[in-house]
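K.L.:
Quick one: sequence plus predicted model below, questions after.
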Amino acid sequence: MATVKFPSSCNERAIFDFCSEVESHAGKEKVLIDFSSMGRIEPFVMVYVAKHIRDFNRTNKHTTVSCSGYINKEYAANMAFFRAFGLKHGREPNCKDGTERFVPYTILRTQTIVDEAIKGGDLAQDIIENRSENLAKILSRETTGNLVDALTYSIREIMRNVLEHSESRSIEYCAQFWPSYNKVEIAIIDNGIGLKQSLSANPYIQVECDSDAIQQALMPAISSKNFKGAKIDKNNPWHNSGFGLYMISRICRLGGSFLLCSGDHGISLNEQGKQHIDLGHQLKGTAVRLVLNTSKLTKLSEMLATFRDEGYEVAKEIKGVGMYKASAASQMLSKDFKKNR
């Protein structure tokens with residue numbers, strides 16, 4: 001029986017190597033995953049690893065995967081990590097929205113968002129914003145303020161991307177706020193087509209590999225749905241402008257970090273710069289980790305206005321002379337742009 005030890009560190013390289021090692025045993029009769037060394041575990045690690053093990057099980061139906069060393073891992077069990085990949089231990093995903101500044105592992109069907117929108121006569125994006133605001137209030141234990149606005153905006157824009165671009169049937173996420181460290185981490189992953197295939201819908205973008213796709217996705221005004229010749233309702237504040245990921249990455253880089261993975265590649269951004277990461281395996285879909293430094297957050301509208309103006313200048317350099325406007329939704333929360341309708 002092949003044995004794979006879960007790393008003691010949440011270091012992203014250690015986690016990606018763990019997933020690659022699991023993948024290397026594809027086709028074997030039995031694989032044992034030993035969680036006895038698991039130490040501190042954070043939201044991104046949970047969503048990424050749970051999806052990887054679940055996908056491994058689905059594509060290796062003749063391989064029996066068993067686990068050991070997980071009984072005393074109470075935090076991970078409470079966050080529904082183990083149940084998320086099929087191990088009958090701890091809470092089930094979707095067990096509750098969360099309390100005490102955390103949101104446990106949740107699997108949200110995209111069809112649920114659509115059904116709620118139809119039932120209420122709303123747009124799906126409005127439903128996403130409402131859910132994002134609720135999650136932001138749970139994490140911050142506040143009802144208003146800079147942190148609530150920044151979290152609402154960031155969660156909303158990532159979930160919008162999943163709904164509008166990924167063709168995924170679900171959005172999986174969990175999150176944690178550590179007030180003593182001025183740190184919030186939000187992790188969101190999908191089971192969709194990935195950035196490379198999504199951006200290939202834009203005939204003006206050259207994407208040869210997953211690294212290209214991630215770099216393009218992080219640039220302002222780059223979108224799979226907004227390009228010359230595409231039909232766009234610019235009167236719709238939710239129209240896709242390609243500024244969402246760019247804006248979020250800028251917020252996260254204020255003392256935090258931003259990680260975007262798809263296919264076989266990842267890119268990590270922080271105040272020190274950019275790091276390319278070879279995952280060592282294939283990720284079906286897209287995974288995002290947002291880490292916000294709560295001590296660096298100011299009024300959302302002011303932060304986004306600055307990033308938007310700088311993004312316009314970058315967009316002009318990319319696309320040539322011209323103005324490339326971010327959609328109203330990419331520039332503010334809906335409660336703000338609805339005032340201007």
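P.N.:
Everything's here; your move.

K.L.:
Report the residue spans of the chain with pLDDT below the cut-off.
P.N.:
For the chain, applying pLDDT under 70 flags the ranges 97-99, 223-242, 316-341.

K.L.:
How about the secondary structure of the residue lying closest to residue 23 once chain neighbours are set aside?
P.N.:
Counting by CB to CB, 6 or more residues apart in numbering, residue 23 lies nearest to residue 281, which is 4.7 Å off, once chain neighbours are set aside. (Glycine included, C-beta is placed from N, CA and C.) The local conformation at residue 281, judged by DSSP: H, G, I helix; E, B strand; the rest coil, is strand.

K.L.:
which residues does residue 281 contact?
P.N.:
The neighbours of residue 281, taking CB atoms under 8 Å, 6 or more residues apart in numbering as the test, are 16, 19-20, 23, 52, 264.

K.L.:
Could I get the full set of helices for this structure?
P.N.:
Applying DSSP state H to the chain gives helices spanning 12-24, 43-59, 74-78, 81-84, 110-120, 124-140, 146-161, 194-199, 210-217, 244-252, 300-319, 328-331, 334-337.

K.L.:
which strands and helices sit next to the fourth one?
P.N.:
Based on contacts counted as 3 or more CB pairs under 8 Å, 6 or more residues apart in numbering; DSSP states H and E, the elements that helix 81-84 packs against are helix 43-59, strand 102-109.

K.L.:
Which of those sits closest to residue 208?
P.N.:
Smallest distance to residue 208 across the helices and strands packed on helix 81-84 (CB to CB): 24.7 Å, for helix 43-59.

K.L.:
quick one, what contacts residue 90?
P.N.:
76-83.

K.L.:
Let me have the helices and strands packed on helix 81-84 in JSON lines, adding mean neighbour count and distance to residue 118 as columns.
P.N.:
Below are the helices and strands packed on helix 81-84 laid out as JSON lines (neighbours: other CB atoms under 10 Å; distance: least, CB to CB, whole Å):
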{"stretch": "helix 43-59", "mean neighbour count": "22", "distance to residue 118": "28"}
{"stretch": "strand 102-109", "mean neighbour count": "21", "distance to residue 118": "14"}
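
K.L.:
Let me see the contact set for the residue lying closest to residue 249 once chain neighbours are set aside.
P.N.:
Excluding the flanking residues, the one nearest residue 249 by CB to CB, 6+ apart is residue 258, at 4.3 Å. Residues in contact with residue 258 (CB under 8 Å, 6+ apart) are 248-249, 252, 268-270, 288-291.

K.L.:
What is the neighbour count of the closest residue to residue 298 other than its chain neighbours?
P.N.:
Spatial nearest neighbour of residue 298, excluding adjacent residues (CB to CB, 6+ apart): residue 146 at 6.3 Å. Number of residues near residue 146 (other CB atoms under 10 Å) recorded here: 17.

K.L.:
so what's residue 146 up against?
P.N.:
297-300 are the contacts of residue 146 under CB under 8 Å, 6+ apart.

K.L.:
so who does residue 156 touch?
P.N.:
Residues near residue 156 by CB under 8 Å, 6+ apart: 125, 128-129, 132, 333.

K.L.:
same thing with residue 251?
P.N.:
The contact partners of residue 251, taken as CB under 8 Å, 6+ apart, are 150, 153-154, 292, 297, 303, 307.

K.L.:
next one: residue 106
P.N.:
Counting by CB under 8 Å, 6+ apart, residue 106 makes contact with 80, 93-94, 97, 172-174.

K.L.:
That one pairs with what?
P.N.:
Residue 106 has these beta-bridge partners by DSSP bridges: residue 173.

K.L.:
returning to that earlier point: quick one: the helices of the chain as CSV, columns for distance to residue 277 too.
P.N.:
Shown next, in CSV, are the helices of the chain (distance: least, CB to CB, whole Å):
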stretch, distance to residue 277
helix 12-24, 7
helix 43-59, 12
helix 74-78, 23
helix 81-84, 22
helix 110-120, 27
helix 124-140, 26
helix 146-161, 19
helix 194-199, 14
helix 210-217, 10
helix 244-252, 15
helix 300-319, 23
helix 328-331, 26
helix 334-337, 34
